[in-house]
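Asks: Requesting a structural model of the entry that follows:
(one chain, ligands or ions: 2)
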Amino acid sequence: MLITLVVANQKGGVGKTTTALNLAASLSAASRKVLLIDLDSQGNSTTGTGEEKNEGLHSLLDVMVNESDSLEKVIEETKYKFDLIPANSDLISAEIELSSLPSPTSILKKKLADMQASYDYVVIDCPPSLGMMSVNALRAASKVLIPLQCEYYSLEGLASMNKTIKEINEATGENIEINGILRTMYDSRIRLSREVSKELEEHFSEQLCDTVIPRNVKLAEAPSFGMPALYYEPEAKGTLAYLALAGEIINKFESSINVS
Ligand SMILES: Nc1ncnc2c1ncn2[C@@H]1O[C@H](COP(=O)(O)OP(=O)(O)OP(=O)(O)O)[C@@H](O)[C@H]1O
Ligand SMILES: [Mg+2]
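Replies: Ligands and ions are numbered 1, 2, ... in the order given. This is a model prediction of the structure:
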């Protein structure tokens, strides 16, 4: 059963890419077959995997525009145990290219349906905006994961994600929900972090991930070497936290998907 994990938050710099990249590495280390999709034209997940942005003949957007094309055309093997659909600068023109097509926000969902046999997980790194590509990702999601920093404005960001998802559901008849809220860059020495974390525990206990990702410089350094943290510094606190998160996801999501 393919589980599509969409890592999204309209707010920038909250740890979406770090989460997507390190989850892809951690889930594949747990012997799951993983495809990481970089939907952000910045291409941070792509370069963090040690790959170049795809400026070749075919891009994800081309495949989405051509109904008969399969995602396989743009899947690349990485040096690690997971595959990648790299970002391409033409993702910037996705709004214009896709908007003239019929059902432009359900294309990725349809294309991913053909990947069922090839992967256990598809992890999607969204850009910090809710344009056409992010809506495509959310509609394709089995599970939506929202990383956030424990800061004052994070709760507002969460409320706005909730509102957007509700609007997408109303417009499309989907039943998208937030399945995981992940505390990132957590520093227990900061009082505000502890307070916001407590608020999250009180109000979002069901969605809140037990795993907390600490602020850890190794997580920030690893992408500049084109490495997920697991390969850069396997014993680092941040690496271990993402391994724990993968374990939590496997326990929670695989059983819930199997039952339903
Ligand atoms: N747990 C962490 N500890 C230390 N630094 C981190 C951690 N998580 C992320 N960072 C750093 O914080 C910055 C923002 O993280 P990241 O790129 O993952 O966020 P993002 O939500 O994908 O950003 P954008 O919205 O621009 O796509 C990066 O420089 C990253 O290396
Ligand atoms: Mg990012």
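Asks: When you work out contacts or count neighbours from here on, use the C-alpha atoms and nothing else.
Replies: Fine.
Asks: chain center to whichever helix in the chain runs longest, what's the gap?
Replies: Using DSSP state H, we find that the single longest helix of the chain is helix 154-172. Here the centre of helix 154-172 is set off from its chain's centre by 17 Å, with CA atoms, centre = their mean, to the nearest Å.
Asks: Likewise for stretch 116-136?
Replies: 6 Å.
Asks: do the same with stretch 110-121
Replies: With CA atoms, centre = their mean, you get 16 Å for stretch 110-121.
Asks: With stretch 235-250 instead?
Replies: For stretch 235-250, the distance to the chain centre is 15 Å (CA atoms, centre = their mean).
Asks: What's the first helix or strand after the host helix or strand of Asn179?
Replies: Assigned by DSSP states H and E, Asn179 belongs to strand 178-186. Using DSSP H and E, the helix or strand that directly follows strand 178-186 along the chain is helix 191-203.
Asks: Near ligand 1, which residues of the stretch 51-200 of the chain? Just list them.
Replies: Pro127, Pro128, Thr184, Met185 (CA under 6 Å from any ligand atom).
Asks: okay, among those residues, which ones form the most distant pair?
Replies: Pro127 and Met185 (18.6 Å; CA to CA).
Asks: So for the two, which sits in the more crowded spot?
Replies: Pro127 (25 against 21; other CA atoms under 10 Å).
Asks: quick one: that one and Ser134 touch, right?
Replies: Yes - using CA atoms under 8 Å, Pro127 is in contact with Ser134, at 6.9 Å.
Asks: intersection of neighbour lists for those two?
Replies: Shared between the contact lists of Pro127 and Ser134 (criterion: CA atoms under 8 Å, 6 or more residues apart in numbering) are residues Ala8, Leu39.
Asks: re earlier: okay, the strand holding Asn179 in CSV with CA atoms only?
Replies: Extracted in CSV, the C-alpha atoms of strand 178-186 (Å, rounded to 0.1, in the frame of the first residue of the first chain):
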residue,chain,number,x,y,z
ILE,A,178,-3.7,17.3,9.0
ASN,A,179,-2.4,13.9,10.2
GLY,A,180,0.9,15.0,11.8
ILE,A,181,2.2,18.2,13.4
LEU,A,182,5.9,18.0,13.9
ARG,A,183,7.9,20.3,16.2
THR,A,184,11.1,21.2,14.5
MET,A,185,14.3,23.1,15.5
TYR,A,186,13.2,22.6,19.1
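Asks: Just want to check the distance between Ser106 and ligand 1.
Replies: 22 Å (CA to the nearest ligand atom, to the nearest Å).
Asks: Chain neighbours aside, what residue packs nearest to that residue?
Replies: Nearest non-adjacent residue to Ser106, counting by CA to CA, 6 or more residues apart in numbering: Asn136, 5.6 Å away.
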